[in-house]
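Peer 1: heads up, no residue letters with this:
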Ligand code: GUN
């Protein structure tokens, strides 16, 4: 039976450390500030934004929400980003994704100043991650690495399989594992014999957005299984990409959903906001 990796508890503990760091920054006259832009009425995005703002207030970080209607013009969003790029008291800017279809995600993400890009989605920051010389790490992959560290799970020399190749999770996750000397394979919808590949994983990280996609027969005995999925069941309950009940009988470590990776994603955002404030204020 696997050890359950408790992301909620880990993030809670680390949030206290962040709160202490914010306190010491405030004593030096710096209050980190995060601006969150939400366009439209997607209920999941609304929940994520509320959670991010709650985390900020718990840690003493100032958060400002800019909620724009579903039919907001792309130019309005870009102008708002320009204003926030120039605002002294705002250190980090986050545009909650997805944005409505008539707005170019690419244009929006490129408009955020790389110095305030606390999601690490700007091409300049993506490039820096590739080179291993970065200021900001993307929230979910960094949260996953923090969880592995917290549970003493070493990456070096391990076979790491990432299922999913998104810009937000899969690709940067693979890069962070590679920086730790893991042997990394990225799988996706066109991968042949997926189960063969996943069965070779010492560390299996799944981010494809399909409930219960990874079954026990796709997992090696003793594997570490990290579930990044967040899917809604018809009854409204949250569930991951991994068949938790069955896979937890085989794995050595496993993350639950909810309470696994999600809280750690939110934690990285706080860390990045503080980092942005330090960089901008030269401390
Ligand atoms: N939507 C889903 N995940 C994310 C994320 O990490 N950042 C932003 N900005 N939007 C998201």
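Peer 2: Arrived safely, thanks for sending. Bear in mind that the values here come from a model prediction, so they are computed numbers and not experimental data. Numbering: from 1, shown residues only.

Peer 1: C-alpha from now on. contacts and neighbour counts both.
Peer 2: Noted.

Peer 1: Contact residues of the stretch 1-150 of the chain facing the ligand?
Peer 2: Counting by Cα under 6 Å from any ligand atom, the residues of the stretch 1-150 of the chain lying close to the ligand are 94-97, 119, 139.

Peer 1: Show me the strands in the stretch 51-200 of the chain, by range?
Peer 2: Assigned by DSSP state E, counting those that start in this stretch, the stretch 51-200 of the chain shows strands spanning 62-68, 92-95, 159-163, 183-187.

Peer 1: and of those strands, who's closest to residue 5?
Peer 2: Of all the strands of the stretch 51-200 of the chain, strand 159-163 sits nearest to residue 5, with 17.5 Å by Cα to Cα.

Peer 1: Note down every partner strand of that closest one and its orientation.
Peer 2: Here strand 159-163 is paired, per DSSP bridges, with strand 183-187 (parallel), strand 203-206 (parallel).

Peer 1: following the shortest one, which helix or strand comes up?
Peer 2: Later in the chain than strand 203-206, the nearest helix or strand by DSSP states H and E is strand 224-227.

Peer 1: So in that sheet, which strands flank that following strand, and in what orientation?
Peer 2: Strand partners for strand 224-227, identified by DSSP bridges, are recorded as strand 203-206 (parallel), strand 253-254 (parallel).

Peer 1: what does the first one contact?
Peer 2: Contact partners of strand 203-206, identified using Cα atoms under 8 Å, 6 or more residues apart in numbering, comprise 155, 158-164, 198, 223-229, 241-242.

Peer 1: how about 7 Å then?
Peer 2: Identification of contacts with strand 203-206 by Cα atoms under 7 Å, 6 or more residues apart in numbering yields 159-164, 198, 223-229, 241.

Peer 1: try the shortest one
Peer 2: By Cα under 7 Å, 6+ apart, the list of residues contacting strand 253-254 from outside reads 2-5, 223-226, 248.

Peer 1: Pull out the buried residues from those residues.
Peer 2: Buried members of the contacts of strand 253-254, counted by 16 or more other Cα atoms under 10 Å: 2, 4-5, 223-226, 248.

Peer 1: Turn these into CSV, columns for pLDDT.
Peer 2: Shown next, in CSV, are those (pLDDT from 0 to 100):
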residue, pLDDT
2, 98
4, 98
5, 98
223, 99
224, 99
225, 99
226, 99
248, 98
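
Peer 1: Number of residues surrounding the closest residue to residue 213 other than its chain neighbours?
Peer 2: The shortest distance from residue 213 to any non-neighbouring residue, by Cα to Cα, 6 or more residues apart in numbering, is to residue 241 (5.2 Å). For residue 241, the neighbour count with other Cα atoms under 10 Å is 24.

Peer 1: Return the residues in contact with residue 241.
Peer 2: Contacts here follow Cα under 7 Å, 6+ apart; on that basis residue 241 touches 206, 208-214, 227, 229.
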